[in-house]
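Q: I'll drop the sequence and a predicted model, then ask my questions.
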Amino acid sequence: MKQFSILWFGQLVSVMGSGLTGFALAVWVYQSTGSVTRFALMFLFTSLPGVVLAPVAGVLVDRWDRRLLMLASDTAAVLCTLGIVLLLWLNRLEVWHLYVLLGLSSIFRAVQWPAFAASITLLVPKSQYGRTSGMTQLGEALTMILAPTVAGLLMDRIGLVGVILIDVSTFVFAVLTLLVVRIPAPPAVESRKREGTMWSEIAESWTYLRERSGLLALLLLFAGANFAMAMVQVLFRPLVLSFTSAQVLGQVLSVASIGFLVGGLTMSVWGGPKRRVLGIYVFQTLQGLILLLAGLEASALLIAGAGFLFFFCSSVIFGSSQAIWQSKVAPGIQGRVFSLRRMVVTSTLPLAYLIAGPLADHVFEPAMAPGGALAASVGAVIGTGQGRGIALMVLLLGIWLLLLVNVAHRYRPMRRVEDELPDSTGEENKEARAPQEDLSTSLG
């Protein structure tokens, strides 16, 4: 745990710096353009390149030294950040420059995450997987809570350039911690460097999952759930601002983020439910019910409480899922499998980012306006007027989550994944390599 703690702390500081820059740049884009669409495009360009290139990143993680890959990723990301600083200093920064540089940074981050996640398995025993997941989420929660407030204060005092230079210093700190940590190589990684093509290894990771239908079903469940999460991410701020001030919105966001912090702390100490797949079912069901509650009334107190509980559940769900994947997937193939997993579960995000705004503006908000198509029916329950169309979308997303969990629970291979799929011992790497020649031949 000592080596992991050093690695985790370095990445925590780096993520905090990235959070400062992300908030500051989002404010700059909105203040410069006044466009919600251009603001939403930042989410798209930050996520899409990493989604597309995730399988290739996974092969690199399994072939090469994971510590060196994290070092290279952090270095490349900081160069993109310095590019933004240079354009600002020259007074030449345009919004499209940000899209390009954020997209490039997303490519490098596609390597960094699976390298970090796969390294955990090599550093800590299986009994600590739940706790390490909790610590990872704790870092994300601290960023969610502190970054907006700290970045807002710093922008008034040192400006956007100053905030970004602080981010650069956190990258340097992360690199220094990586130089201290020693990450063991996964079993048989040396022999893998000389076997097969990149595409055959990507195909191998897909075959690995198809042969483990319980893990594949878990993957699809999270892809569907992430679609709902991304929609909520886009809709949350407009929903609150439809009936209250930006100051109250900040307070609501802080309360919701504290839920993620408490969830991460809980997982760090508790380690998660003993039956991890049951924990996923139970807490994802709770999330669906929470969304139903959040859409019922235009109340900051209600939405803040719902946000707190929603993010608390997210910590338990993610920690339970991560522990299953780390236990069941052979270390030597985790880079590829985890990258493929990330690609699938995040593939629904760009679609959610693209359709959330137009659906709210042109379909649901008009339908829930006084005299709208749904004003006399649904409007009689949740009210009509500004923001009530967004509230209806949140309600429907809650129903979507409940349906997903119900379908997943009926699928036996996923329900019994912890019992029917043996824990990895590292020896599976030899078995995973056996069909590789056939795959290479069939793919030419």
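A: Arrived safely. Numbering: from 1, shown residues only.
Q: C-alpha from now on. contacts and neighbour counts both.
A: Fine.
Q: Identify the residue nearest the geometric centre of the chain.
A: For the chain, the residue sitting closest to the mean C-alpha position, by CA atoms, centre = their mean, is Thr346 at 7.6 Å.
Q: separation between that residue and Phe222?
A: As judged by CA to CA, to the nearest Å, Thr346 and Phe222 stand 9 Å apart.
Q: try Met135
A: Summarising the geometry, the distance separating Met135 from Phe222, computed by CA to CA, is 21 Å.
Q: what does Pro49 give?
A: 20 Å.
Q: Looking at the two now, which is surrounded by more residues?
A: Of the pair Pro49 and Phe222, Phe222 is the one with more neighbours under other CA atoms under 10 Å, namely 24 against 19.
Q: Please give the element, helix or strand, for the more buried one.
A: Following DSSP states H and E, the helix or strand that holds Phe222 is helix 213-241.
Q: could you point out which element follows that helix?
A: helix 246-270.
Q: next SSE after that following helix?
A: Reading on from helix 246-270 to the C-terminus, the next helix or strand found by DSSP H and E is helix 276-294.
Q: In PDB, list the C-alpha atoms belonging to that following helix.
A: Once non-C-alpha atoms are left out, helix 276-294 reads as follows in PDB (Å, rounded to 0.1, in the frame of the first residue of the first chain):
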ATOM      1  CA  ARG A 276     -19.900  -6.700  -5.000                       C
ATOM      2  CA  VAL A 277     -22.300  -7.300  -7.800                       C
ATOM      3  CA  LEU A 278     -25.200  -7.100  -5.400                       C
ATOM      4  CA  GLY A 279     -23.800  -3.700  -4.200                       C
ATOM      5  CA  ILE A 280     -23.900  -2.500  -7.800                       C
ATOM      6  CA  TYR A 281     -27.500  -3.600  -8.200                       C
ATOM      7  CA  VAL A 282     -28.700  -2.100  -4.900                       C
ATOM      8  CA  PHE A 283     -26.900   1.300  -5.200                       C
ATOM      9  CA  GLN A 284     -27.800   1.700  -8.900                       C
ATOM     10  CA  THR A 285     -31.400   1.100  -8.000                       C
ATOM     11  CA  LEU A 286     -31.100   3.800  -5.400                       C
ATOM     12  CA  GLN A 287     -29.700   6.100  -8.000                       C
ATOM     13  CA  GLY A 288     -32.700   5.600 -10.200                       C
ATOM     14  CA  LEU A 289     -35.100   6.400  -7.300                       C
ATOM     15  CA  ILE A 290     -33.000   9.400  -6.400                       C
ATOM     16  CA  LEU A 291     -33.400  10.900  -9.900                       C
ATOM     17  CA  LEU A 292     -37.200  10.400  -9.600                       C
ATOM     18  CA  LEU A 293     -37.100  12.300  -6.400                       C
ATOM     19  CA  ALA A 294     -34.900  15.100  -7.800                       C
END
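Q: residues making contact with it?
A: Contacting residues not belonging to helix 276-294 are listed as 272-273, 302-303, 306, 309-310, 313-314, 316-317, 320-321, 323-324, 391, 394-402, 405, 409, 414-415, 417-418 [CA atoms under 8 Å, 6 or more residues apart in numbering].
Q: hmm, which of those residues are the buried ones?
A: Applying a neighbour-count criterion of 16 or more other CA atoms under 10 Å, the buried members of the contacts of helix 276-294 are 272-273, 303, 306, 309-310, 313-314, 316-317, 320-321, 323-324, 391, 394-402, 405, 409, 414-415, 417-418.
Q: Understood, closing this out.
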